[in-house]
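# mind looking at a prediction? Sequence and model below.
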Amino acid sequence: MLPGAKRVLVEISAPQSPIFNPNGGEGSLRPEECPAKCEYRCSATSHKKPCLFFCNKCCLKCLCVPSGTYGHKEECPCYNNWKTQEGKPKCP
């Protein structure tokens with residue numbers, strides 16, 4: 001390093017969505033897998049259209065969809081913790 005020169009540290013923030021994680025949980029899906037996973041997740045609801053809309057939106061952000069058609073949200077903390085302005089769960 002040259003005399004009188006200063007070192008500058010640069011902080012790099014984490015990406016918005018998780019990195020692919022083949023072991024399950026957040027980041028375990030690729031974006032192209034979201035529609036099929038959400039189709040199954042929303043298969044038991046009577047409100048299929050809004051369920052699919054929000055599930056796909058959540059999946060694209062979190063790259064994870066909880067197993068089953070209901071519950072199990074602890075498998076995907078990002079999916080579980082994303083809330084509406086009213087504080088209600090955004091993801092089905």
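Looks like it arrived, so ask away.
# check the secondary structure at the closest residue to residue 38 other than its chain neighbours for me.
Spatial nearest neighbour of residue 38, chain neighbours left out: residue 55 (3.7 Å); criterion: C-beta to C-beta, 6 or more residues apart in numbering. (Each C-beta comes from the backbone N, C-alpha and C, glycine too.) Following DSSP: H, G, I helix; E, B strand; the rest coil, residue 55 is assigned to helix.
# give the contact list for residue 55.
Contacts for residue 55 (C-beta atoms under 8 Å, 6 or more residues apart in numbering) come out as 34, 37-38, 41-42, 65, 91-92.
# let's see it at 6 Å
Listed by C-beta atoms under 6 Å, 6 or more residues apart in numbering, the contact partners of residue 55 are 38, 41-42, 92.
# out of the residues you listed, flag the one nearest to residue 69.
Proximity of the contacts of residue 55 to residue 69 (C-beta to C-beta) peaks at residue 41, which lies at 6.1 Å.
# in this structure the closest one contacts residue 67, no?
No: if you go by C-beta atoms under 6 Å, residue 41 and residue 67 don't touch, sitting 8.6 Å apart.
# residues near the closest residue to residue 77 other than its chain neighbours, how many?
Spatially, and ignoring its direct neighbours in sequence, residue 77 is nearest to residue 26 (6.5 Å; C-beta to C-beta, 6+ apart). By other C-beta atoms under 10 Å, the residues close to residue 26 number 18.
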